[in-house]
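[1] could you work out the structure for the sequence below:
(chains A and B)
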Amino acid sequence: MAKIYSKKNLVTTKMKPKKEVISFLLNYSKALHLIKVDGKKIEFIAN
Amino acid sequence: MIADIQIPDALLVQDYVAGNEEALATLIKRHESKIYGFIYSKVSDRDVANDIFQDTFIKVIKTLKSNSYNEEGKFLPWVMRIAHNLIIDYFRKNKKMPLHRETEEFSIFSIMTDDTLTIENQLIANQVELDIRKLIEELPDDQKEVLIMRMYKDMSFKEISEITGVSINTSLGRMRYALMNLRKVIDKHQIILTN
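    Sure, this is the predicted structure:
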């Protein structure tokens, strides 16, 4: 008879960051602009 | 969404760098649980974990937008590395653990997963170990000898050949046959060794 060793898969809730954090990151990304001037990077946030 | 499962991370990154902000949203949604879960497992504080998560992706966004990211198909490990370093900075600031930056000797992968076995997993692991030892006993003596020396005594093939009085190639061959025969024995007994 086959031996089968397995562990039960417990139901686990996946942890997630706050929605506000995600929202901030997406807005930040949309607003962020990076340009290179004389070899230097300048970042500015466009409102 | 089915569509984002089919698009590899590398392509999403490319899309994002090209100006598609939706690609970033997809990437975050795809990996947020793993990254946040990893951070939380280290700091055990939701607010701190949220802060570090946010700082992690701010760095990700800046690097991608400045075209400084070198795509090698390893987006998630890269992000996890950033998160890991921010966790180290957090603890260093709070003086809760010594600073261990990634070096050649120390790898993020040594702390990325928690491989502590539960009691149930330990029992399973012990039983699997016992079964494997019984299977090894069914091998021919010369193959059993090489396998035990290699796997249980951590000897090199050079050392094995010196002790057994055969060439290194012969030791290698015996090891190869030992593994092949072990697989046959496992099939013969219809054993499934999983953990």
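[2] may I see the buried residues of stretch B:152-165?
    Neighbour-count burial for stretch B:152-165 flags B:M155, B:F157, B:I160, B:S161 (criterion: 16 or more other C-beta atoms under 10 Å in any protein chain shown). Quick note: C-beta positions are derived from backbone N, CA and C, even for glycine.
[3] the spatially closest residue to the first one that is not a sequence neighbour: neighbouring residues, count only.
    By the measure of C-beta to C-beta, 6 or more residues apart in numbering or on different chains, the closest residue to B:M155 outside its immediate chain neighbours is B:M149, 4.6 Å from it. Per other C-beta atoms under 10 Å in any protein chain shown, the neighbour tally for B:M149 reads 19.
[4] quick one, what contacts the closest residue to B:Q54 other than its chain neighbours?
    If you skip the residues right next to it in sequence, B:Q54 has A:V21 as its closest partner in space, 5.0 Å away by C-beta to C-beta, 6+ apart. A:V21 is in contact with B:N50, B:F53, B:Q54, counting by C-beta atoms under 8 Å, 6 or more residues apart in numbering or on different chains.
[5] and for A:V37?
    A:V37 makes contact with no residue under the criterion C-beta under 8 Å, 6+ apart.
[6] now it: how far from chain B?
    A:V37 sits at a distance of 12 Å from chain B (criterion: C-beta to the nearest C-beta, to the nearest Å).
[7] per-residue confidence for that residue?
    Looking at A:V37, its pLDDT reads 73.
[8] please name every helix or strand in contact with the helix or strand where B:V48 lies.
    Assigned by DSSP states H and E, B:V48 falls within helix B:46-65. Helices and strands touching helix B:46-65, as assessed by 3 or more C-beta pairs under 8 Å, 6 or more residues apart in numbering or on different chains; DSSP states H and E, comprise helix A:19-31, strand A:32-37, helix B:9-17, helix B:21-43, helix B:75-94.
[9] circling back to that earlier point, enumerate every residue touching the residue nearest to B:M155.
    Residues in contact with B:M149, defined by C-beta under 8 Å, 6+ apart, are B:M155, B:E159, B:I160, B:I163, B:T164.
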